[in-house]
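Peer 1: 3D, please:
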Amino acid sequence: MPGSAGADSGGDVVRWAVFCSVLVPVVLLVYGTSLGGAAGTALGLAVVTAACRVLLRRSERGLRAELRAERHSRS
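Peer 2: Residues are numbered from 1 along each chain as shown. Predicted coordinates:
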């Protein structure tokens, strides 16, 4: 089903974003950034990731609704 492949790739995007949200502050700390700066970066990345996840889910729901409406109009 086409919708399920999109949902999987959307989940992959979110997982990579979460991974990067953890990795980037660690790298910043290793290279000498202050703890506060790294924490601020982590918080910012977490907020952006959460917002993108919400928008992605909303988009997926809209796509599923369009597919249902298209199937309904064909029958």
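
Peer 1: Can you report how many residues neighbour residue 25?
Peer 2: Neighbour count for residue 25, taken as other C-beta atoms under 10 Å: 22. Glycine gets a C-beta too; all of them are placed from N, C-alpha and C.

Peer 1: Distance of it relative to residue 37?
Peer 2: Noted for residue 25: a distance of 9 Å to residue 37, by C-beta to C-beta, to the nearest Å.

Peer 1: same thing with residue 18?
Peer 2: Distance from residue 18 to residue 37, counting by C-beta to C-beta: 20 Å.

Peer 1: Please apply the same query to residue 49.
Peer 2: Using C-beta to C-beta, we find residue 49 at a distance of 19 Å from residue 37.

Peer 1: And the residue nearest to the spatial centre of the chain, its phi and psi?
Peer 2: With distances taken as C-alpha atoms, centre = their mean, residue 14 lies nearest the centre of the chain, 3.2 Å away. Dihedral angles of residue 14 (phi, psi; degrees, to the nearest 10) stand at phi -70, psi -40.

Peer 1: okay but it is in contact with residue 52, surely?
Peer 2: Yes - look at residue 14 against residue 52 with C-beta atoms under 8 Å: they come within range, at 7.5 Å.

Peer 1: Figure out the helix or strand that the residue found closest to residue 26 once you drop the neighbours it is linked to in the chain lives in.
Peer 2: Once flanking residues are discounted, residue 26 sits nearest to residue 38: 7.7 Å by C-beta to C-beta, 6 or more residues apart in numbering. Using DSSP states H and E, residue 38 sits in helix 35-74.

Peer 1: shaky segments in this protein?
Peer 2: By pLDDT under 70, the weakly predicted segments of the chain are 1-8.
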